[in-house]
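Student: need a structure here:
(one chain, ligands or ions: 1)
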Amino acid sequence: MEIEIVKASDLPPPLLQESKVRYRLDGGEDPPSAPWRDADDLRWAVRHWAARLNVKSPQVQVRAMTTKWASITSRGRLTLNAELLGLPRGLGEYVVLHELTHLLVPNHGLVFKLYLDAYMPDWRDRQRELDLADYIQ
Ligand SMILES: [Zn+2]
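Tutor: Here you go, the predicted model:
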């Protein structure tokens, strides 16, 4: 059993995994430019954002995807492109926020953008970076 202490501004419940428990403590997050540690790190970010958005934490699958960064079903199954792990975490955080916001707003209309503005004011910059890296929907 490995215990990893990670700082963050929110305190959702710890993520219990096969081999590790991760707690995040108040007082500082990894900067958006930092790399992801591993796929569990990305899964943890999903729980973090689900807690912030007050939506049910989805089942998360990280796998190779050829045409999208991520997708989510209305029943709460989130698939994330494994290539995100190779990009700065700020871009993956945006993808996670984008997909989880679809649990609240299915389209990309004004209300959707208001949510993104509220939770991640620089989301347009991140979207642009992702567009340069590839695609999101
Ligand atoms: Zn979308």
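
Student: pLDDT on the helix or strand harbouring residue 91, on average?
Tutor: Element membership of residue 91, judged by DSSP states H and E, is helix 89-101. For helix 89-101, the mean per-residue pLDDT is 97.

Student: packing partners of it?
Tutor: Judged by 3 or more Cβ pairs under 8 Å, 6 or more residues apart in numbering; DSSP states H and E, helix 89-101 is in contact with helix 39-53, strand 70-72, strand 77-81, helix 110-119, helix 123-133. Just so you know, the C-beta spots here come from the backbone N, C-alpha and C atoms, and that holds for glycine as well.

Student: switch the cut-off to 7 Å
Tutor: Judged by 3 or more Cβ pairs under 7 Å, 6 or more residues apart in numbering; DSSP states H and E, helix 89-101 is in contact with helix 39-53, strand 70-72, helix 110-119, helix 123-133.

Student: which residues does the spatially most central residue of the chain contact?
Tutor: In the chain, the centroid-proximal residue (Cα atoms, centre = their mean) is residue 96; its distance is 2.9 Å. Counting by Cβ atoms under 7 Å, 6 or more residues apart in numbering, residue 96 makes contact with 45-46, 49.

Student: so where's this protein uncertain?
Tutor: Low-confidence segments of the chain, defined by pLDDT under 70: 1-29, 134-137.

Student: so what's residue 91 up against?
Tutor: Contacts for residue 91 (Cβ under 7 Å, 6+ apart) come out as 84, 126, 129-130.

Student: make TSV out of these and add neighbour count and distance to residue 33.
Tutor: Formatted as TSV, these follow (neighbours: other Cβ atoms under 10 Å; distance: Cβ to Cβ, whole Å):
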residue	neighbour count	distance to residue 33
84	25	14
126	22	11
129	15	11
130	19	14
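
Student: of all these, which comes closest to residue 120?
Tutor: residue 126 (7.2 Å; Cβ to Cβ).
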